[in-house]
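need a 3D model of the sequence below.
(4 chains)
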4 protein chains.
Amino acid sequence: MTSIETHDQTTAAAAGEAADDGGQCCDNHGPHGYSARKAEHLKRLRRIEGQVRGLQRMVDEDVYCIDVLTQVSAGTKALQAFALSLLEEHLRHCVAAAAEEGGAELEAKVAEATAAISRLLRT
Amino acid sequence: MTSIETHDQTTAAAAGEAADDGGQCCDNHGPHGYSARKAEHLKRLRRIEGQVRGLQRMVDEDVYCIDVLTQVSAGTKALQAFALSLLEEHLRHCVAAAAEEGGAELEAKVAEATAAISRLLRT
Amino acid sequence: MTSIETHDQTTAAAAGEAADDGGQCCDNHGPHGYSARKAEHLKRLRRIEGQVRGLQRMVDEDVYCIDVLTQVSAGTKALQAFALSLLEEHLRHCVAAAAEEGGAELEAKVAEATAAISRLLRT
Amino acid sequence: MTSIETHDQTTAAAAGEAADDGGQCCDNHGPHGYSARKAEHLKRLRRIEGQVRGLQRMVDEDVYCIDVLTQVSAGTKALQAFALSLLEEHLRHCVAAAAEEGGAELEAKVAEATAAISRLLRT
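Below is the predicted model:
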């Protein structure tokens, strides 16, 4: 659940290989659909990190639990909004690219995206 | 959404007033039901903070978006689990204390807890 | 998942035993906290049933899938709202009654309510 | 929230016009991606309708509220699973078809699908 480094393409991507495809590549070996908005995503995630640190401060200062819960809801909502924006770009770039290939490639991408949406719904 | 300091009791609570009630007080002016498990809550929140920082690293390294989404789901789930453990203590201590008072006090606490659960469901 | 008759008290409850406690009894052997608002609950559930039948009509008439999804969201939201109103009464009556008994009885009711909230969050 | 007849194409679709496109058409004027699995969807929805009627019976027979809540969770989960299966077909057929057109058409379909997923997450 907390494993962060998941795919072997991570190193290649980090090393900037294939970086000249403008962040539209979805072959798991380079920048992805969301790369173009990387700065925006990172800003959003830093804000969420701030919310989680705020939660620690609240617990540490014995803030009333209902108020802590309200902040948890805000944090969860912010994470879901981040997920939706990632997902939108994934549909626009990766699923759309797979659609042009059609067949098994499209099937695989659609099944993968649906599974990801299902995980978001279950949390 | 990101306002953290919400109740005027924060300062009093942080100053440790009324700290000798064993963390069962629910009058918004001291340690709350969850205080007894503060260390556990803080540990859990630090782990969630680590997950959010892990997400930043993933985005920064252009990790495949579906893998980022999986981590978002894990983070959201961890926040929900934290919320549930806070809520459980709130029911055990604050709502139960209000039940002994009965009447308007109980009504208010039940309505407040239900609203908090509703916010968790909506996120 | 679809089993409807779950507890052995069902028959006793249906037979109206212990009905004179005004619907506040939470001992699993009679009318429960929500009984006082039974008519309201049934009306709400009939409306949800109508929504689900409406979904069948939409699918049968090949309505655009995004519009079907909007109706599914409305149905899910209505079910969650029904759950919240049941839960509120449960906290007000059953958990509050257990709080007066205290000890193991309170523990059991709080754990049970928390598990129910967790199931609602996961769906 | 309960409006069922939403698009003017409903009548045309119901009348069976354009029915010979094999259920892959996504132009809002005929059978949609999900049509091929219509029987399966209807069966699933009838089961959900049965669950909602089961909830009415439970409330009517004063079944213990926690057990009612468990059934509500099952019903919500079944609705979400139905939504996911519709969404998967929508991505496979309608979004993929829009991807071949590209440009504004793809943008519109992706934005629309993302909004639908967002509504599912909020409920």
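
residues near whichever residue of chain A sits closest to chain C, how many?
Evaluated by C-beta to the nearest C-beta, chain A has residue A:122 as its residue closest to chain C, separated by 5.8 Å. Glycine gets a C-beta too; all of them are placed from N, C-alpha and C. For residue A:122, the tally of surrounding residues (other C-beta atoms under 10 Å in any protein chain shown) stands at 14.

do you know how far it is from residue C:119?
Going from residue A:122 to residue C:119 by C-beta to C-beta, to the nearest Å gives 11 Å.

overlap in contacts of these two?
The contact sets of residue A:122 and residue C:119 do not overlap (C-beta atoms under 8 Å, 6 or more residues apart in numbering or on different chains).

which ones are touching residue A:69?
Contact analysis of residue A:69 by C-beta under 8 Å, 6+ apart lists B:83, B:86-87, B:90, B:116, B:119-120.

may I ask which helix or strand encompasses the nearest residue to it once chain neighbours are set aside?
The shortest distance from residue A:69 to any non-neighbouring residue, by C-beta to C-beta, 6 or more residues apart in numbering or on different chains, is to residue B:116 (4.5 Å). Assessed by DSSP states H and E, residue B:116 sits inside helix B:103-122.

what's the answer for residue A:71, then?
helix A:65-90.

give me the angle between that helix and helix B:65-90.
170 degrees (axes from the mean of the first three to the mean of the last three C-alpha atoms, to 10 degrees).

buried stuff in helix A:65-90?
Residues of helix A:65-90 classed as buried: A:65-80, A:82-90 (neighbour count, 16 or more other C-beta atoms under 10 Å in any protein chain shown).

return the residues of chain A in contact with chain D.
Residues of chain A lying close to chain D (C-beta under 8 Å from any C-beta of the partner chain) are A:80, A:84, A:87-88, A:91-92, A:95-100, A:102, A:106-107, A:110-111, A:113-114, A:117-118, A:120-121.

run the last query once more with 7 Å
By the rule C-beta under 7 Å from any C-beta of the partner chain, the part of chain A lying against chain D is A:80, A:84, A:87-88, A:91-92, A:95-96, A:99-100, A:106, A:110, A:113-114, A:117-118, A:120-121.

hang on, the earlier thing: which strands and helices lie in contact with the helix holding residue B:116?
helix A:65-90, helix B:65-90, helix B:96-101, helix C:65-90, helix C:103-122 (3 or more C-beta pairs under 7 Å, 6 or more residues apart in numbering or on different chains; DSSP states H and E).

that helix vs helix D:103-122, what angle?
Between helix B:103-122 and helix D:103-122, the angle comes out at 150 degrees (the same axes, to 10 degrees).

who's in contact with helix B:103-122?
By C-beta atoms under 7 Å, 6 or more residues apart in numbering or on different chains, the surrounding residues in contact with helix B:103-122 are A:66, A:69-70, A:73, B:80, B:83, B:87, B:90-91, B:94-95, B:98-99, C:80, C:84, C:87-88, C:91-92, C:96, C:117, C:120-121, D:122.

in chain A, where is pLDDT below threshold?
Chain A contains residues with pLDDT under 70 at A:1-35, A:123.

can you do 50?
For chain A, the stretches flagged by pLDDT under 50 are A:1-25, A:29.

which parts of it sit against chain C?
Near chain C, when you scan chain A using C-beta under 7 Å from any C-beta, you find residue A:122.

which strands or helices does whatever helix or strand residue A:54 lives in pack on?
Here residue A:54 is covered by helix A:38-60, with elements defined by DSSP H and E. With contacts taken as 3+ C-beta pairs under 7 Å, 6+ apart, helix A:38-60 sits against helix A:65-90, helix B:38-60.

buried set for it?
For helix A:38-60, by 16+ other C-beta under 10 Å, it's A:41, A:44-45, A:48-49, A:51-59.

give me the distance between the nearest residue to residue A:90 once chain neighbours are set aside and residue A:88.
Counting by C-beta to C-beta, 6+ apart, residue B:65 is the residue found nearest to residue A:90 once chain neighbours are left out, at 4.6 Å. To residue A:88, residue B:65 is 10 Å away according to C-beta to C-beta.

repeat for residue A:51
22 Å.

picking up where we left off before, by how many degrees do the helix holding residue A:54 and helix B:65-90 diverge?
20 degrees.

could you export helix A:38-60 as CSV, CA atoms only?
Extracted in CSV, the C-alpha atoms of helix A:38-60 (Å, rounded to 0.1, in the frame of the first residue of the first chain):
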residue,chain,number,x,y,z
LYS,A,38,3.6,18.5,-13.8
ALA,A,39,4.2,21.9,-12.1
GLU,A,40,0.4,22.2,-11.4
HIS,A,41,0.2,18.6,-10.0
LEU,A,42,3.2,19.1,-7.7
LYS,A,43,1.8,22.4,-6.4
ARG,A,44,-1.5,20.6,-5.7
LEU,A,45,0.3,17.7,-3.9
ARG,A,46,2.3,20.1,-1.8
ARG,A,47,-0.9,21.7,-0.7
ILE,A,48,-2.3,18.3,0.3
GLU,A,49,1.0,17.6,2.2
GLY,A,50,0.4,20.9,4.0
GLN,A,51,-3.2,19.7,4.9
VAL,A,52,-1.8,16.4,6.3
ARG,A,53,0.8,18.3,8.4
GLY,A,54,-2.1,20.6,9.5
LEU,A,55,-3.9,17.4,10.7
GLN,A,56,-0.9,16.4,12.8
ARG,A,57,-0.9,19.9,14.4
MET,A,58,-4.6,19.6,15.1
VAL,A,59,-4.2,16.2,16.8
ASP,A,60,-1.1,17.4,18.7
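
now do it: everything it contacts.
Helix A:38-60 is contacted from outside by A:34, A:67-68, A:71-72, A:74-75, A:78-79, A:82, B:2, B:4, B:38, B:41-42, B:45-46, B:48-49, B:52-53, B:55-56, B:59-60, using C-beta under 7 Å, 6+ apart.

now with 8 Å?
By C-beta under 8 Å, 6+ apart, the list of residues contacting helix A:38-60 reads A:34, A:67-68, A:71-72, A:74-75, A:78-79, A:81-82, A:85-86, B:2, B:4, B:14, B:34, B:38, B:41-42, B:45-46, B:48-49, B:52-53, B:55-56, B:59-60, B:62, B:82.

what is the burial count for residue A:109?
Residue A:109 has 24 neighbours, counted by other C-beta under 10 Å.

for the residue of chain A most remote from its centre, helix, strand, or coil?
Going by C-alpha atoms, centre = their mean, the residue of chain A most distant from its centre is residue A:62, 32.0 Å out. Classification of residue A:62 using DSSP: H, G, I helix; E, B strand; the rest coil returns coil.

how close does it sit to chain B?
If you measure residue A:62 against chain B using C-beta to the nearest C-beta, to the nearest Å, the figure is 4 Å.

please apply the same query to residue A:70.
From residue A:70 to chain B the distance is 6 Å (C-beta to the nearest C-beta).

grab the nearest non-local neighbour of that residue.
Residue A:70 sits nearest to residue B:119 (C-beta to C-beta, 6+ apart), 6.4 Å away.

what do you get for residue A:52?
Of all residues not flanking residue A:52 in the chain, residue B:49 sits nearest, at 4.6 Å (C-beta to C-beta, 6+ apart).
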